[in-house]
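# I would like to see how this sequence folds:
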Amino acid sequence: MDKRAISIRDVAQAAGVSTATVSRALNAPGRVSEETRRAVLEAVKATGYSVNPAGRNLRQRRTGSVVALVPNIANPFFSAILAGISSVLRPAGLNLLIADTLAGENREGPVRDYLDRTRSDGVILFDGNVSPTALEPRAGVETPPLVMACEWLEGRPLPHVGIDNAAGARVVTEHLLNLGHRDVAHVMGPPENVLTQTRAEGYRTALAEAGLPCRDDWILPGDFSLASGARAAEMWLALPDRPRAVFCSNDEMACGFISALAAKGVSVPRDVSVAGFDDIELAQHVHPPLTTLHQPRRALGIDAAKLLLDLIAAPELYGATHRIEPVELVRRGSTAAPGDG
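Numbers count the residues shown, from 1 in each chain. So this is what the prediction gives:
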């Protein structure tokens, strides 16, 4: 290339597509094939083309930013998802802003702040405990597109990207049952959370299909944190007849559970099998490494961002679109048949 400014036409020529296709690949990736999008991104890299975000945003009356609203930024579960979102937004010339729905006096404040075209071009919401009233249109405020990721709002037909949590919980519980365990406890997340509720549903379904009762004293409270996992371990230790297998509703609680047991001299999986849900980075580094359900977190972020860009480019597509990502059980050293380990 010569020293003149690289244009979208140069990218189109290098990729062997039209300028309109280049625009769609960068601004609405869900409307082109993955092969075409890769070809365009390679052409962008080869030519050195970069979007002039200030000029584009001025022409299109955009802010140049997408906001991810997460409940607890410190939660390591979100890291890979946010990286996936950023990988899609960056080539489109959009910045990713992150706000915590738990940081203020109520969850609704950040949602109302950013559901405003003057503050963001789109919102990806990870918090299913936000009041639906926070999403209601407001007089004089133009609302940007919104996509729910991982969690959802019951009764609201919003675009959503996630997994089948009930089916995933069944897979984990059935793994423990297939090992030969007939006494399986469950450590729950916050009781009002939709993930807690659907994962508990999957756990109960697996027990019922195996002809086993669901004992209330084997349902232990938690809140998705390491500390609540450790507290659940103390409760498990205090049970008169301890179940030999425990399914924790997320990996953080499972790691806290295992750590607290180790401090008391209880061996996993010799004395009790422990399984989690999510497959965060920490899961493979605890001792023993944690058996868990793998969520494709980066793929979740990529698909949520692609869906949002499609809605930004074509608001008329807005509706109850659901994209469900596949999951798989990752067997590691924290589970074993009774008497093994």
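
# in the stretch 1-150 of the chain, where is pLDDT below threshold?
In the predicted model of the stretch 1-150 of the chain, residues 1-5, 30, 50-62 satisfy pLDDT under 70.

# can you rerun that using 80?
Applying pLDDT under 80 to the stretch 1-150 of the chain flags residues 1-8, 19-20, 22-24, 26-32, 48-62, 104-105.

# same check on the stretch 201-341 of the chain?
Applying pLDDT under 80 to the stretch 201-341 of the chain flags residues 315-321, 339-341.

# so which residues of it form helices?
For the stretch 201-341 of the chain, applying DSSP state H, counting those that start in this stretch gives helices covering 226-238, 251-263, 297-313.

# those: which one's closest to Arg199?
Across the helices of the stretch 201-341 of the chain, Arg199 has its closest neighbour in helix 251-263 (11.4 Å, Cβ to Cβ). In short, each C-beta sits where N, CA and C put it, glycine included.

# and the closest one, what other elements does it pack with?
Under the contact definition 3 or more Cβ pairs under 8 Å, 6 or more residues apart in numbering; DSSP states H and E, helix 251-263 sits against strand 184-187, helix 226-238, strand 245-248, strand 273-275.

# between the helices of the stretch 201-341 of the chain, which one is closest to Gly16.
Closest to Gly16 of the helices of the stretch 201-341 of the chain, according to Cβ to Cβ: helix 297-313, at 22.1 Å.

# center of this structure - which residue?
Central residue check for the chain by Cα atoms, centre = their mean: the C-alpha nearest the mean position is that of Cys150, 4.4 Å away.

# could I get the helices and strands packed on helix 251-263 in JSON lines, plus columns for distance to Ile219 and mean neighbour count?
Below are the helices and strands packed on helix 251-263 laid out as JSON lines (distance: least, Cβ to Cβ, whole Å; neighbours: other Cβ atoms under 10 Å):
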{"stretch": "strand 184-187", "distance to Ile219": "5", "mean neighbour count": "26"}
{"stretch": "helix 226-238", "distance to Ile219": "10", "mean neighbour count": "19"}
{"stretch": "strand 245-248", "distance to Ile219": "11", "mean neighbour count": "30"}
{"stretch": "strand 273-275", "distance to Ile219": "16", "mean neighbour count": "28"}
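
# same list, these, but as a markdown table with distance to Arg332 please.
Shown next, in a markdown table, are those (distance: least, Cβ to Cβ, whole Å):
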| stretch | distance to Arg332 |
| --- | --- |
| strand 184-187 | 18 |
| helix 226-238 | 17 |
| strand 245-248 | 14 |
| strand 273-275 | 9 |
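
# so which of these is nearest Ser259?
Using Cβ to Cβ, the helices and strands packed on helix 251-263 put helix 226-238 closest to Ser259, at 6.5 Å.

# quick one, that closest one and helix 251-263 angle?
Using axes from the mean of the first three to the mean of the last three Cα atoms, to 10 degrees, the direction of helix 226-238 lies 50 degrees away from that of helix 251-263.

# off-centre distance for helix 226-238?
Offset of helix 226-238 from its chain centre (Cα atoms, centre = their mean, to the nearest Å): 25 Å.

# just stretch 200-216 next, same as before
Stretch 200-216 sits 25 Å away from the centroid of its parent chain (Cα atoms, centre = their mean).

# same question for stretch 113-128.
With Cα atoms, centre = their mean as the basis, stretch 113-128 stands 17 Å off its chain's centre.

# stretch 240-248 now?
For stretch 240-248, the distance to the chain centre is 28 Å (Cα atoms, centre = their mean).

# can I get it in CSV, CA atoms only?
What follows is stretch 240-248, C-alpha atoms only, in CSV (Å, rounded to 0.1, in the frame of the first residue of the first chain):
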residue,chain,number,x,y,z
PRO,A,240,-25.2,-36.4,61.6
ASP,A,241,-25.1,-38.4,58.3
ARG,A,242,-22.9,-36.7,55.9
PRO,A,243,-23.6,-37.2,52.2
ARG,A,244,-20.6,-38.6,50.3
ALA,A,245,-21.0,-36.3,47.3
VAL,A,246,-21.7,-32.6,47.0
PHE,A,247,-22.7,-30.6,43.9
CYS,A,248,-22.0,-26.9,44.4
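
# residues in contact with it: which ones?
With contact meaning Cβ atoms under 8 Å, 6 or more residues apart in numbering, stretch 240-248 is reached by 169, 172-173, 176, 179, 181, 183-187, 203, 218, 222, 229, 232, 236, 254, 257, 271-277, 335, 338.
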